[in-house]
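J.: can't give you the sequence, but here's the structure:
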């Protein structure tokens, strides 16, 4: 019965995507609803700002809608739209955040409570989130993507490989390097 339900869901998704490919905006919105939590989590982890994350998601949806005809297999919709989102986050970051110095970025942070870091006090949460953000920002963009997808969104290494269109061995190598850099920074701090 469970396999039958999955088959029905895949058929429904394929039907929605085919409608979206023919210009049906409502069908496209239904497809996006299926992945909206992933999109927000990834955008927020990359940009550390709710408004910026929402802006990037909006751009992602526009780009995805314009290019839905390029999606070959409906079963890869989630991977495809997440890849678009990551590209939009990277573009947004290059255009906006490189111009902001680190001090101003930390001072403006008002959304610390959005992620539960398993810490009791607000001050400790702020310190831990800022430490994490600072460590992540020191990584290369390709390492940041993997850390955010793996730890922030709990994607498997295989799913990350599919999303980023790289081999699973590349994911493992970049993840290991990023973890080593973070451990080294923690020891130095």
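T.: Received it, and whenever you're ready, just let me know what you need. Being a predicted model, the structure only gives us computed values, none of them experimental.
J.: low-scoring stretches of the chain, by residue?
T.: 1-9, 96-134, 189 (pLDDT under 70).
J.: name the residues that touch the helix or strand in which residue 170 is found?
T.: Following DSSP states H and E, one finds residue 170 within helix 168-188. For helix 168-188, the surrounding residues in contact (C-beta atoms under 8 Å, 6 or more residues apart in numbering) are 135, 138-139, 142-144, 146-147, 150, 157-158, 160-161, 164. C-beta: built from backbone N, CA, C; applies to glycine.
J.: quick check: buried residues in that helix?
T.: 171, 174-175, 178, 181-182 (16 or more other C-beta atoms under 10 Å).
J.: find the nearest non-adjacent residue to residue 161, please.
T.: Of all residues not flanking residue 161 in the chain, residue 168 sits nearest, at 4.4 Å (C-beta to C-beta, 6 or more residues apart in numbering).
J.: pick out the residue nearest the middle of this structure.
T.: Against the mean C-alpha coordinate of the chain, by C-alpha atoms, centre = their mean, the closest residue is residue 42 at 2.3 Å.
J.: helix or strand for that residue, which one?
T.: helix 36-47.
J.: what does that helix rub up against?
T.: 32, 50, 52-54, 56-57, 60, 78, 81-82, 85-86, 89-90, 92-93, 97, 114, 144-145, 148-149, 152-153.
J.: buried ones among these?
T.: Of the contacts of helix 36-47, these count as buried by 16+ other C-beta under 10 Å: 32, 52-53, 56-57, 60, 78, 81-82, 85-86, 89-90, 92-93, 97, 144-145, 148-149, 152-153.
J.: inside helices: which ones of the residues you listed?
T.: With DSSP state H as the criterion, helices contain 32, 52-53, 56-57, 60, 78, 81-82, 85-86, 89-90, 92-93, 144-145 from among the buried ones among the contacts of helix 36-47.
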